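J.: show me how the following folds:
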Amino acid sequence: MGKILLETKHLSKRFCRDPKLSLRYTIADIFWEFRRKPEGENRLRSGEFWSVYDVNLQLRAGEVLGLIGHNGAGKSTLINLIMGILRPTLGQVRWYTNRVIMIDSQAGLNSLQTGRENIYNLLSMYGVGENLIKNKINDIIDYSGIQTFIDAPVGTYSTGMRLRLAFSIYTQLKPDVFIIDEALGGGDIRFQQRFQNYLRDYIQDGGSILVVSHEMYQIKSLCHRVILFNQGQVYNTGQPDEIIYTYNELMLARKNNSNSSAPTIQIDQSPQPIDEDLVPGEKLGLVEIEEVEVTAVDGKEITSGSKVKFQMTCNSQLDDYAVIIAFSVGTDELFPMGMMMGKYGEEYYKLKKGQNQFCCFVDKLPLLPGKYQLKISIIENDIYDTLALKGYQDKPVYFEVKGYNDLQLNFARSYKYLFYIPTKWE
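T.: Here you go, the predicted structure:
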């Protein structure tokens, strides 16, 4: 790793639950500062609590540092302290660069202004000249994929559209550090793939990221090091696999302590309907998926982070036919969870008459230990009608990721959206 870009020393912040006491304490703290004592006392007064306490961390050039923890653990407060939005009660934040950009769920956009106006305002605020903005603005709009809505007020945008626009703007600035606070899930699958690819190139070029997320796939696939935050303090620090496992154990312990008599969830084992996005076409049935295999490339067991091959064999009555191949991954409790999609648009695969074989490789499987199901669809490239399905109306293909013994410690339980798994197709 490179030089230190961010450092915190004994960083702490306290708040008061009682509004009346809070006002009194604020006046006392101002008086404390007038006495040339810039830091508060290392004690809690009546009604106070530590939202963040004694946090020491470093972020280096070329490093991705993840920050995870339960809701209310103090992650957002820590980010606000780091960005200077809040003043610390104790401790220091030291930046060794001024090229820092933060992307959160609001994305720093003005809701009353149009997307185009936000592009001009944000880039101007970061010192980009008007002529350069004019030269870049069409590229930014095309990259965001919201051309139709660019002259509408941002307040009418969905959260995903906001994040896509903000991301398209901020990538033009090439900062030393990106701080991403719960903003990795915006946009559709293709945009998320583009976002992930950009971040990987950015890291390889020496950029640094501090990412706060509940999405363990993002943490596992991006981060070099992860901090587990619990009740305002650093609970543990280490490699992603280790910390994610510890986080799941901690969350299970919290759940068991708060609701030891929770009712058992009954899982519907009846055949699942075809997804709404999979539209049966007139040619459905002219292609038959015969065999599906999931294997570790090294010939051993499939484990988290191992290189895995997904292979599908089908028989087609169609010849020279452009198609999209899609593998969807999930669990019995949650499906779909992730997707591996082949080429589409102007670059596509073609079915030949007779037997066809398609395979893709995942260099580092972003799944924690557990039992997963795989469903496959073959879709027409132009009109997106479905030609063949496997696992949607019949039994899916199951595969198991080995690792820790407790298979319930699966990060997928907390997923709220579909993620794209980077693959190499052959």
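
J.: low-confidence ranges, the stretch 1-150 of the chain, go.
T.: 1, 32-41, 105-107 (pLDDT under 70).

J.: for it, which segments count as helices?
T.: Along the stretch 1-150 of the chain, the stretches classed as helices by DSSP state H, counting those that start in this stretch are 19-34, 75-82, 115-125, 130-144.

J.: adding mean neighbour count, write the ones you listed out as CSV.
T.: No exception for glycine: its C-beta is placed from N, CA and C like everyone else's. Converted to CSV, the helices of the stretch 1-150 of the chain look like this (neighbours: other Cβ atoms under 10 Å):
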stretch, mean neighbour count
helix 19-34, 12
helix 75-82, 22
helix 115-125, 19
helix 130-144, 14
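
J.: distance to Glu63 for those helices - can I get that in JSON lines?
T.: Shown next, in JSON lines, are these (distance: least, Cβ to Cβ, whole Å):
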{"stretch": "helix 19-34", "distance to Glu63": "34"}
{"stretch": "helix 75-82", "distance to Glu63": "15"}
{"stretch": "helix 115-125", "distance to Glu63": "26"}
{"stretch": "helix 130-144", "distance to Glu63": "26"}
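
J.: please enumerate the helices of the stretch 201-350 of the chain.
T.: 216-222, 240-258.

J.: let me know which of the ones you listed is tucked in deepest.
T.: Ranked by mean neighbour count, those are led by helix 216-222 with a mean of 22 (mean count of other Cβ atoms under 10 Å).

J.: is it true that Tyr157 touches Ala166?
T.: No - the pair Tyr157 / Ala166 is not scored as a contact, 10.2 Å apart, by Cβ atoms under 8 Å.

J.: who's more crowded, the two?
T.: Ala166 (25 against 20; other Cβ atoms under 10 Å).

J.: how far away is the more buried one from Asn118?
T.: Per Cβ to Cβ, to the nearest Å, Ala166 is found 8 Å from Asn118.

J.: can you check Ile376 too?
T.: For Ile376, the distance to Asn118 - Cβ to Cβ - is 41 Å.

J.: hang on, the earlier thing: now do the shared contacts for Ala166 and Asn118.
T.: Shared contacts of Ala166 and Asn118, defined by Cβ atoms under 8 Å, 6 or more residues apart in numbering, are found at Leu109.

J.: tell me who's in contact with Ser51.
T.: So Ser51 contacts Lys13, Arg14, Phe15, Gly74, Thr77, Gly232 (Cβ under 8 Å, 6+ apart).

J.: correction: the previous question concerned Gly66.
T.: Val211, Val212, Ser213, Ile219, Leu222, Cys223, Arg225, Val226, Ile227, Pro240, Ile243.

J.: now do the contacts for the first one.
T.: Going by Cβ under 8 Å, 6+ apart, Val211 touches Val64, Leu65, Gly66, Leu67, Phe178, Ile179, Ile180, Leu184, Gln218, Ile219, Leu222, Cys223.

J.: switch to 10 Å and redo it
T.: Contacts for Val211 (Cβ atoms under 10 Å, 6 or more residues apart in numbering) come out as 64-68, 103, 178-184, 199, 218-219, 222-223, 226.

J.: buried members of those residues into PyMOL, please.
T.: PyMOL command restricting the contacts of Val211 to the buried ones, with burial defined by 16 or more other Cβ atoms under 10 Å:
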select buried, resi 64+65+66+67+68+103+178+179+180+181+182+183+184+199+218+219+222+223+226
